[in-house]
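>>> could you look at this predicted model? Sequence included:
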Amino acid sequence: MSANCERRAFTLIELLMVVAVIAVLTALLLPVGRSMLVKARQAKASEQMRQIGFALQCYSMEHNQTYPPVAVAGVPWDREALDAYLSKYDPKGRPVFDGGGNAESTDGADVRRAYSAGGAMFGVTKWNQAINTSKARPIMTIRNAEKAVLIFDARVTWRGLCRDGTDWSRISSDIQNTSLDGNTNIDYRHKGQAQFFFADLHVEALTPEQVAAKFTNRKIYEGLE
């Protein structure tokens, strides 16, 4: 074999080794990149929830310690009532309630809004159930605020008057479902977790199993027990 042939052979081997190393590094780094992206989306969603929660608190201070109704006269709480306290758009010009471009539904559903009002946002009826959409919720009626849901990661796909809030009648089947599949309200879009913003102003990322264990009855979800 001539010297030129030997050099070409070594060059080819070296090239193949470089390609192999790049392939191995890519295989190792891709999961890390995906994990970092999921964490970044989760952090942004958590921050957006806190911004919405801050707006709710500001609203309550100017409205006799009540939260805005979930929906009244055809206007959902997250469009009009919080306008004075919350920017409608994130820094990139995307609607905050659409998740700021970070809402990728678990099953690819067309998410109209990324967050839903939870049970502690609903007005309480005379039967002591939080299902009234047009009645403001007094903060003082919320018990065990660390378990009472104000906002959660949802796949709001409906169009209509009261579909920006999710009461117990619609969410109970999702809460009892410990699988990632078959959910119509809760969206476990953060690597098998959904984030919940509670009335004590903290955010938790929960798996389906943790959700089922946390909300064992409607009164807890509604902040009435």
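In hand now; what should we look at?
>>> find the centremost residue of this protein, please.
Asp153 (2.3 Å; C-alpha atoms, centre = their mean).
>>> ok, for that residue, nearest residue in space, not its chain neighbours?
Leaving aside its chain neighbours, Asp153 sits nearest to Ala194 (4.3 Å; criterion: C-beta to C-beta, 6 or more residues apart in numbering). C-beta coordinates here come from the backbone N, C-alpha and C atoms, glycine included.
>>> lowest average confidence, helix or strand, in the protein?
helix 3-61 (a mean of 72; mean pLDDT, DSSP states H and E).
>>> who touches the longest strand seen in the chain?
Counting by DSSP state E, the longest strand found in the chain is strand 149-156. Here strand 149-156 makes contact (C-beta atoms under 8 Å, 6 or more residues apart in numbering) with 45, 49, 52-53, 56, 67, 103, 105-106, 109, 111-121, 163-164, 166, 184-190, 194-199, 215, 221, 223.
>>> what mean pLDDT does that strand have?
Computed over strand 149-156, the mean pLDDT rounds to 87.
>>> now swap in stretch 175-194 and tell me
90.
>>> distance of Arg137 from Ala20?
61 Å (C-beta to C-beta, to the nearest Å).
>>> wait, I meant Thr178
43 Å.
>>> and if you look at Asn132?
For Asn132 relative to Ala20 (C-beta to C-beta), the value is 65 Å.
>>> of the two, who's got more company?
Asn132 (17 against 10; other C-beta atoms under 10 Å).
>>> tally of neighbours for Ser179?
Count around Ser179 with other C-beta under 10 Å applied: 9.
>>> that one contacts Pro208, correct?
Yes - with contact defined as C-beta atoms under 8 Å, Ser179 reaches Pro208; the gap is 6.1 Å.
>>> need the pLDDT of Trp164.
Just so we're on the same page, residue 164 is Asp rather than Trp. pLDDT at Asp164 comes out at 69.
>>> Gln57 contacts Phe197, doesn't it?
No - in this structure, Gln57 is not within contact of Phe197 by C-beta under 8 Å, at 11.5 Å.
>>> who has more neighbours out of these two?
Taking neighbours as other C-beta under 10 Å, Gln57 and Phe197 compare with Phe197 leading, 25 against 14.
>>> gap between the more buried one and Gln42?
13 Å.
>>> list the buried ones in stretch 173-180?
Within stretch 173-180, the residues scored as buried using 16 or more other C-beta atoms under 10 Å are 174-175, 177, 180.
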